[in-house]
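In: sequence and predicted model, in that order:
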Amino acid sequence: MKIGIMGTGYVGLVHGAVLAGNGFQVTCMDVDADKIKRLTDGITPLYEPGLDELLERGIREGTLSFTTSAKEVIQSSDVIFIAVGTPAKDDGSANLAYVHEVAQAIGKYANGYKVVVSKSTVPVGTNRTIARYLDGALKSRHAPFRLDVASNPEFLRQGKAVGDSRSPSRVVIGTESEQAKRMLQAVYETHIREDVPFLYTNLETAEMIKYASNSFLAVKISFVNELALLSEKVGADIGDIAAGMGLDERISPHFLQAGPGYGGSCFPKDTQALVDIGRRNGEELHIVRAAMTANEKQKSRMVAKIAEQLSFDGTLKGKTIAVWGLSFKPETDDIRDAPSYAVINGLLSRGAAVKAYCPQGMKQAQRQWTELNGLVTYCESEADCAQNADAIVLMTEWEQFREISWDILAKSMRGNAFFDLRNMFAEHPRVRRLFRYYPVGSSELAYTLEEAK
Ligand SMILES: NC(=O)c1ccc[n+]([C@@H]2O[C@H](COP(=O)([O-])OP(=O)(O)OC[C@H]3O[C@@H](n4cnc5c(N)ncnc54)[C@H](O)[C@@H]3O)[C@@H](O)[C@H]2O)c1
Ligand SMILES: O=c1ccn([C@@H]2O[C@H](COP(=O)(O)OP(=O)(O)O[C@H]3O[C@H](CO)[C@@H](O)[C@H](O)[C@H]3O)[C@@H](O)[C@H]2O)c(=O)[nH]1
């Protein structure tokens, strides 16, 4: 069975590379010619642990190839995965232009039976529309074959994408075709753990499972973030509250980590899209909307808290702030909708000078946040970033921050405030002794400041 993948973003590349490593002949296609050239030369266009090795192996063994030709990949594949982006439009709805481009190409070039599988996250009804469109396109060409459509949402997490692809929590296959179902089973059974549950649904249900899952997780994070803000006021500790809640297996301890708000390429856009789907169908999704509002509040409250602690009047003029971590989470260079963007803008608008360091996200920041170039000083290391700063703001919990020589770093700073927006060092005695340490969701100010200077 030959596999075609349309779109070489996180999902397309990881899925393609994993399948190529499991005996499938995989061709990945993208409209971005520069990206395809780099991939063909063995250069990975994004940072995702374990992906380089898989791509290199696939290319070396001849199971993985890249092209800009939609015709080539469509005609040579039995199963075509659509993995193009579905970003949010200004009104919150999902932009389906790239998905439609792919569907049109398939309708035009398909030369025999194929299964067309949507891995992109698409609003309910999209796959049914694609199926109807393809039927019509084949009829108008008098093509003597049919195409089956399936919705197969992707649940991988960035930073853990390779492991998640091999060991997913579940495989959801939405299709009404037995043949498509059997072919997708065969694709997955080669490389995933034996005990992974398969769920078979219709197209609409599979589409909704994806939005429901992401939105539920976003609600969970916003819930804990609101409680974190309250905890700071009433003298409670959000870490202990989350632990206490998480012990109830009906709640589970996952996704109860308070922080500066959720970000990334999925939760912000998928919550917006689900609310939009609700609106179009006459159902207001109050809970998801509230989670989105709370998430915006969380980011601005982080800025307000920093300003309140560093000045009497809320302005940050004359203050230099070191921001550690730009990517929306560790182990990725992805800065899409990262909370660091809102926090940096908030600090700048209050007059602070901002220095920033991120192990992987700086190139993307300079490329995508062009309006910040010249306003933010990008640094070589976390130590370089903290030098002469009044405060550190830890935005992303990169493991390498645990290796820092805290005494040397504290001495190099002008001030000694440490806003740990991920509570990464909440249990670290040295950090808590050397700095005025401000975690999220705890009013406990157990500072026994040493003579750090
Ligand atoms: N990033 C994730 O962790 C993740 C996880 C699960 C699901 N998803 C969903 O998967 C989809 C892809 O997300 P992503 O982050 O991998 O995307 P991405 O934005 O990183 O990459 C999309 C790629 O598609 C290419 N493209 C655009 N139009 C094309 C066309 N007509 N033909 C071929 N390629 C085309 C773009 O050039 C780009 O390289 C989205 O719907 C997203 O919501 C993403
Ligand atoms: O307890 C938590 C857990 C996460 N986050 C934040 O939530 C965001 C998303 O985190 P995560 O879910 O780990 O990252 P993604 O790679 O965006 O993965 C989500 O989005 C993907 C794209 O749809 C889905 O496939 C995954 O299942 C889903 O977890 C990040 O900003 C995290 O910092 C928190 O603040 N607290």
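Out: Done, it's in. Ligands and ions are numbered 1, 2, ... in the order given.
In: who in the stretch 101-250 of the chain is up against ligand 2?
Out: Counting by CB under 6 Å from any ligand atom, the stretch 101-250 of the chain comes close to ligand 2 at Thr121, Glu154, Phe155, Leu156, Arg157, Gln158, Asn214, Leu217, Ile221. For every residue, glycine as well, the C-beta is placed using N, CA and C.
In: give me the phi and psi angles of the third one.
Out: So that's Phe155. With angles defined as degrees, to the nearest 10, Phe155 sits at phi -120, psi 10.
In: which residues touch it?
Out: Asp164, Pro168, Ser169, Arg170, Lys210, Ser213 (CB atoms under 8 Å, 6 or more residues apart in numbering).
In: cool, the second one as well?
Out: Contact analysis of Glu154 by CB under 8 Å, 6+ apart lists Val11, His15, Ala83, Lys119, Thr121, Lys210.
In: name the SS class of the residue in the stretch 1-150 of the chain that ligand 2 sits nearest to, please.
Out: Residue nearest to ligand 2 within the stretch 1-150 of the chain (CB to the nearest ligand atom): Thr121, separated by 5.9 Å. Assigned by DSSP: H, G, I helix; E, B strand; the rest coil, the conformation of Thr121 is coil.
In: so how many other residues sit close to it?
Out: 23 (other CB atoms under 10 Å).
In: run the chain-centre distance for the helix or strand encompassing Ala218.
Out: Element membership of Ala218, judged by DSSP states H and E, is helix 203-234. Helix 203-234 sits 15 Å away from the centroid of its parent chain (CA atoms, centre = their mean, to the nearest Å).
In: buried stuff in the next helix or strand after that helix?
Out: Downstream of helix 203-234, the first helix or strand assigned by DSSP H and E is helix 238-246. Across helix 238-246, burial judged by 16 or more other CB atoms under 10 Å covers Ile238, Gly239, Ile241, Ala242, Met245.
In: got the contact list for helix 238-246?
Out: Applying CB under 8 Å, 6+ apart, the set of residues contacting helix 238-246 from outside is 224, 227-228, 231, 251-254, 256-258, 423, 426, 439-442.
In: hmm, stretch 81-99 in reach of ligand 1?
Out: Yes: using CB under 6 Å from any ligand atom, stretch 81-99 reaches ligand 1 at Ala83, Val84, Gly85, Thr86, Tyr98.
In: quick one: which of the buried residues of helix 238-246 is nearest to Phe435?
Out: Gly239 (18.0 Å; CB to CB).
In: correct me if wrong: Lys2 contacts Ala20.
Out: No: assessed by CB atoms under 8 Å, Lys2 is found out of contact with Ala20, at 11.1 Å.
In: before we move on, the earlier item: what is the helix holding Ala218 packed up against?
Out: Helices and strands touching helix 203-234, by 3 or more CB pairs under 8 Å, 6 or more residues apart in numbering; DSSP states H and E, are helix 126-140, strand 147-151, strand 171-174, helix 238-246, helix 267-280, helix 286-310.
In: okay, these, which one's buried deepest?
Out: Stretch with highest mean neighbour count among the helices and strands packed on helix 203-234: strand 147-151 (a mean of 25; mean count of other CB atoms under 10 Å).
In: hang on, the earlier thing: could I get the helices and strands packed on helix 203-234 as TSV with mean pLDDT?
Out: Output for the helices and strands packed on helix 203-234, formatted as TSV (pLDDT from 0 to 100):
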stretch	mean pLDDT
helix 126-140	98
strand 147-151	98
strand 171-174	98
helix 238-246	98
helix 267-280	98
helix 286-310	97
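In: including distance to Trp369, could the ones you listed go into JSON lines?
Out: Below are the helices and strands packed on helix 203-234 laid out as JSON lines (distance: least, CB to CB, whole Å):
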{"stretch": "helix 126-140", "distance to Trp369": "31"}
{"stretch": "strand 147-151", "distance to Trp369": "34"}
{"stretch": "strand 171-174", "distance to Trp369": "35"}
{"stretch": "helix 238-246", "distance to Trp369": "30"}
{"stretch": "helix 267-280", "distance to Trp369": "16"}
{"stretch": "helix 286-310", "distance to Trp369": "15"}
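In: okay, now His254: neighbour count?
Out: Other residues close to His254 by other CB under 10 Å number 10.
In: OK, contacts around it?
Out: Contacts of His254 by CB under 8 Å, 6+ apart are Gly246.
In: ok, now with 10 Å
Out: Leu217, Lys220, Ala242, Gly246 (CB atoms under 10 Å, 6 or more residues apart in numbering).
In: and for Lys319?
Out: 306-307, 310-311, 347, 350-354, 389-391, 414-415, 417.
In: do Asn214 as well
Out: So Asn214 contacts 121, 153, 155, 262, 264, 266-271, 273-274, 288 (CB under 10 Å, 6+ apart).
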